[in-house]
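Chemist: Predicted coordinates and the sequence they were generated for:
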Amino acid sequence: MLEMRAIVLSLKGREAEISPLGGGGCGHCNSEGGCGSGKLTKMFCSSQPRSFIVLNQADAKVGDEVNITLPEGSLLHSSLRMYLLPLLFMFAAGFVGATFATETASRDGYALVGSMLGLMIGFALGKFLPYSNGSRAVVQSVVVSRS
């Protein structure tokens, strides 16, 4: 199980909106001997605080510091869903687009249009297909109660 600490921002039914504590990583992001991922994060990621929706099994309250757990394999499952699914749809739709071309000269154009459509459909499916409750992050315990 992967674990992290977070602060509960809001509650909605059995779900909690949380914001992770700390920057993650090894703590040497900006140091001389570090890998430099802190600089990449500043360049490519938003400076806005991130928030996530998780199941609130510990009945945490707004402002509580909590432990969040992510089941084994769910990170791999999510990665496959967001990277492999669009790639497979892109190749399949590109192949289908190329087979619909009547002339050899237009085959590349049909393949390109099919690939782009397949890629967009794959990303949409990866984002909007529901996750099973067994692969969602969960508020496991309350570390510091603010209420």
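Modeler: Ah, there it is. Numbers count the residues shown, from 1 in each chain.
Chemist: CA only for contacts and neighbour counts going forward, please
Modeler: Noted.
Chemist: Give me the below-cutoff pLDDT ranges for the protein.
Modeler: Scanning the chain for pLDDT under 70 picks out the ranges 23-47, 131-135, 147.
Chemist: Of all the strand elements in it, which one is longest?
Modeler: Counting residues, the longest strand found in the chain (DSSP state E) is strand 2-12.
Chemist: mind listing what's buried in it?
Modeler: Neighbour counts using 16 or more other C-alpha atoms under 10 Å place 5-9, 11 of strand 2-12 among the buried residues.
Chemist: ok, now stretch 63-73?
Modeler: For stretch 63-73, burial by neighbour count (16+ other C-alpha under 10 Å) applies to 63-70.
Chemist: Tabulate the residues you listed (TSV), appending distance to L55 and secondary structure.
Modeler: Below are these laid out as TSV (distance: C-alpha to C-alpha, whole Å; DSSP: H, G, I helix; E, B strand; the rest coil):
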residue	distance to L55	secondary structure
G63	16	coil
D64	14	coil
E65	15	strand
V66	12	strand
N67	12	strand
I68	9	strand
T69	10	strand
L70	11	strand
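Chemist: which one of these is nearest G114?
Modeler: G114 lies nearest to L70 out of the buried residues of stretch 63-73, by C-alpha to C-alpha, at 36.0 Å.
Chemist: ok now do the closest residue to the closest one other than its chain neighbours, which residues does it touch?
Modeler: In this structure, L70 finds its nearest non-sequential neighbour in A137, 4.6 Å apart by C-alpha to C-alpha, 6 or more residues apart in numbering. Shown in contact with A137 (C-alpha atoms under 8 Å, 6 or more residues apart in numbering): 54-55, 68-71.
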